[in-house]
Structures are given as structure tokens and as C-alpha cells.
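S.K.: one predicted model, sequence on top.
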Amino acid sequence: MKPLERPSPDMRARLLAAARRTPAAPPGAWRRRVAGVGAFTLAWTLLAAVAVRPRPDWGELPVDALVQTFVVLAAIAGLAAVAGLSRGRSMTGLGVERAATMIGVGAMAVLALVVAVDPRGPSTKLFTGAAMGAHVIPCDLMIVGLGLPLLGAGLLPVARLTLSRPGLVGSAVGLAAATVSHLVIRFHCSIGGAGHAILGHVLPAIPLMAAGAWASRARMLERLGERFHRFRQELEEKQ
Amino acid sequence: MVAVTVAFVACGAPEGEGMLAGWMTVNSRPPLERAMDRFAAGDDAALAEVYDLAAPAVLTFLMGLCRDRALAQDLTHETFLRIHRARGLYHQGAAVLPWAYTIARRLFLDDVRSRRASKVVATGPGPEAGAGGGGDPTWMPEVAAAGPSPEELLADQELSQVLDAALQQIPEAQASAFRLLKGEGLSVAEVATILGTTKGAVKLRAHRAYESLRALLRTELRGGEPPSARDQLEKEPRTT
């Protein structure tokens, strides 16, 4: 359509000089970051599972329902993490169609799990009405509380990338964090019923996904990093 | 997430491939991607090569978006600095130019937003400046290759100016889809990745851009434009 513009030699020299002064992610940074997120997730999950204390009646629960529950939740968390942490063919994150499909499939699988498997699965005590509401809030708070550090860790690897859909990437990481927290809460919660499972275990995924989308769009981690860098520089200058 | 991490770390290892297959893959890749591979692997000198190969396309793309040479140069500089900062995150096999276009477009949109927020009057031309081929008098595209005749070059340049002026009058999303598809020759999938949307939406935006451009150019060229230029402009949208 149009002949190419040629950058001037000055522009080229300016860039090369600026690049020499600007710190860059070292080779292999991506692998290290993703491995770090995996290690942190594993450590956090184990620590949280111990901290919230597992329920005492594990031996009495139906094995098939337990297996289905944990396999489905782990698969959803994995799928959402792939959607969130994929760099795509053009280094700009997963495409909209694939990411939306993954998030949609994940959300549908969680709902299918709580409606079809839960009533005969790990949750045994049934509550309705106000009693259910009172028991929902602690689960909500625990899932959000456990998920926030995972969300922060999950967003770290993509912090320096320019993503074409940062909100979508953030919400996928939020779904992964919420599902891992959901898995941890399953070790602990003995309250049953689809109502409790949806309101107490699935609903907290929404604020975590929203927080992920917001943090990713607003480049919160990059800003925090820059602020921390400036603070450290000021501290060094004072000393 | 842990299993995913293991899969990611394992999948990213080109050493896992056969030596011959790896050699063939590396050597059949375009020079820009090969230079980027070396740069990502720690070869600082390869940045100059990446810049030489990609900067003209990025600068041209940005010139089309902002029509302000100084701003386009600044944004090109920032685009390559971002690529430099993220070099350790690059994975072998990724397309460099769509990545650079995405960064460039994001920087341009950020710049527009910050200007709007600080109520600074933009120095670029408004839509009314379109008829004259843009408000930046310094914007004279240099000729990269000495193939076509001077007459052809002049016709192309006139056509390019008229088209650029018309592109300023349609929404940015439509103009970007048009530029990337027709100007840069990218595939629909690549443009969808750069614009952060679906392939269907790209086709729709491009179609709307064609329609808008056709209407604008019909009005624009009704005066004294040579018929050949008009024919080219009329034909161009139908080629996709």
C-alpha cells in the first residue's frame, strides 16, 4: 500500500544506547517465572490445606465422587492456568476465541460438578435458608483470601508482556486461583447441597476473576514493581 | 497449576527435539525471527538486526496511525525498548512482527488516552485535514526499493495520501484492521491477535472499513483525481 518508512540512523543509535541502559529479562526468564509460580502454588496449596484442617470423615466418603471432584477441579484449574499463562503465537496471550472457550468450559464444568456430583459427594451436611447463608460466607471469604496470593503470583509471568486482551488473561488467572482455592476448601468443608456449593464455592470465582481482569488491565504488578524500584533507589540515595 | 507448570517448562525446551529437525526449523525461519531468537538467547548485538528488520514496518504502521512523525518515532523507540525488556520472555517460534504491532498499537492508544486525559490538544491533523493528504508537511515516505517507475511511484504516493486521509476519518479499530490486512499483508488470524478480537470481528471491521472508504473516496475523488487511481481504490477492497 505504501513504501516503508526508514528510521533514521539517529533513532537507531538512540535505541541501542537506551537498550544498553535498560535492564531486560534475562534469557530463560519465562521458564523460571512459570516454574516459580508452580512451586509457589504447590507450597501455598499444601500450607493452606494444613491450615484450614481437613475434615475428619474422609474414610466414609464415596471414593468415586471424591475422585471426580478433585479430577474435575484440577483439570479446570489447569485449563484456566494454560489460558492465562499462554503467550500465544504472537507473544500477546491466547486468542480471544480460545481463551473464552477455555473459561466457558471451566465455568460450565464447575457448575456441572456442584450440581451433579456434590449431592452424593464429599459434602454431607445439608443446610437451607438462613442457615445455609451463614455457612456460605466463611467459605466465600476463605476462597477469596486463599486465592488472592495465587492470583498475584499467577499474574507475575505475564506482567512485562503487552497482551492483546489483558482483561481476559487476568480473568483466566483469577479462575485458576479460585479453582485451586476451591480445591483446598474441599479438604475442609463438609457442608452439602448445590446451593451451598454454588454460593460458597463457585461464586467467589467472580470477584477473583474481576480482580484479575482489573489488575491485568491496570498493570498493577508493573506499577507496584516500579514503585518498589523507586523506593529502593530513594533509600539507597539517602544512605 | 503445578502440572501445567511442568508441561510449560518441558514444552518450551527446543533441546528436546531431534538435532536435524531442530537445525531445519531454525534455518527455515525468517531472518527476523532468527535474529530475535539470538537476541532472546542473550546475544545483545542481535538487537540492531531485529531493529533493522522490523523498525521500518513498525514506523510505517505508527505513521499511518498517528500521522505525526515525531510521535511515531517516539512510539517506535518505546516499542523496541519494550521488546528489549521482555526479551527473556520470548519463545522460539513466536512471530515478532505481530508482537511489535501489538505493542505499537497499545502504546498509540495509551498515548491518545493520556492526551485526552490531560486535555492536551493533539498536534496531529483532525479529520478535516484529510483532503490535502494529511497535516504533517514533513511526512514524505521514503522509497525503500527502486523497482517501480517514477510515474508509478507518484501515482502510488498520491493514492497512499488520499487513502491515508480517508483512513483518518473512520474509527481506529476499522482503520487498524484495514491497514494490517491490506497494508502489512497479515493474515486474519494475526490481525485478530494484534487487535485482541476474533477473526469474525476482524473480517467485519475490515468490511466496514472497505464500505466507509469506498463511500469517502467516491466523494473525495469525484473532483479531479485520475481514473486509474480511482479504479485502484475501488478494486482494492474487493481483493480479499
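M.R.: Arrived safely, thanks for sending. Numbers count the residues shown, from 1 in each chain, chains lettered A, B, ... in the order given.

S.K.: which ones are touching A:Leu203?
M.R.: Residues in contact with A:Leu203, defined by CB atoms under 8 Å, 6 or more residues apart in numbering or on different chains, are A:Asp140. Just so you know, the C-beta spots here come from the backbone N, C-alpha and C atoms, and that holds for glycine as well.

S.K.: gap between it and chain B?
M.R.: Separation of A:Leu203 from chain B (CB to the nearest CB, to the nearest Å): 21 Å.

S.K.: look up how far A:Ile137 lies from that residue.
M.R.: To A:Ile137, A:Leu203 is 11 Å away according to CB to CB, to the nearest Å.

S.K.: same check, this time on B:Ala95
M.R.: Distance of B:Ala95 to A:Ile137, computed by CB to CB: 48 Å.

S.K.: before we move on, what about A:Val114?
M.R.: Taking CB to CB as the criterion, A:Val114 is separated from A:Ile137 by 17 Å.

S.K.: the two: which has the busier surroundings?
M.R.: With neighbours defined as other CB atoms under 10 Å in any protein chain shown, A:Val114 and A:Ile137 compare such that A:Val114 has more, 25 against 11.

S.K.: got a list of what that one touches?
M.R.: A:Val114 sits next to A:194, A:197-198, A:201-202 when contact means CB under 8 Å, 6+ apart.

S.K.: need those residues in TSV (columns: neighbour count).
M.R.: What follows is the contacts of A:Val114, written out as TSV (neighbours: other CB atoms under 10 Å in any protein chain shown):
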residue	neighbour count
A:Ala194	17
A:Ala197	28
A:Ile198	16
A:His201	29
A:Val202	19
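
S.K.: in helices, which of these appear?
M.R.: In this view, these that belong to helices under DSSP state H are A:Ala194.

S.K.: mind listing the helices for chain B?
M.R.: Remark: helices assigned in chain B by DSSP H are B:2-11, B:19-27, B:31-40, B:46-66, B:69-85, B:96-117, B:150-167, B:172-178, B:188-195, B:199-220, B:227-235.

S.K.: and chain A, which of the ones you listed is closest to it?
M.R.: Across these, chain A has its closest neighbour in helix B:2-11 (2.6 Å, CB to the nearest CB).

S.K.: average model confidence for that closest one?
M.R.: In this model, helix B:2-11 has a mean pLDDT of 44.

S.K.: and what of stretch B:38-46?
M.R.: Taken as a whole, stretch B:38-46 has an average pLDDT of 87.

S.K.: where does the chain have low pLDDT?
M.R.: No chain in the question, so chain A it is. For chain A, the stretches with pLDDT under 70 are A:1-3, A:118-134, A:191-192.

S.K.: should've been chain B
M.R.: Using pLDDT under 70, chain B drops low at B:1-29, B:117-157, B:220-240.

S.K.: kindly recompute the last result at 50.
M.R.: Counting by pLDDT under 50, chain B has low-confidence residues at B:2-26, B:120-146, B:224-240.

S.K.: now do the strands in chain A.
M.R.: With DSSP state E as the criterion, chain A has strands at A:125-126, A:191-192.

S.K.: helices or strands up against the biggest helix by length in chain A?
M.R.: What stands out as the longest helix in chain A, according to DSSP H, is helix A:129-155. Secondary-structure packing of helix A:129-155 (3 or more CB pairs under 8 Å, 6 or more residues apart in numbering or on different chains; DSSP states H and E): helix A:29-52, helix A:63-85, helix A:166-188, strand A:191-192, helix A:194-196, helix A:205-217, helix A:220-238.
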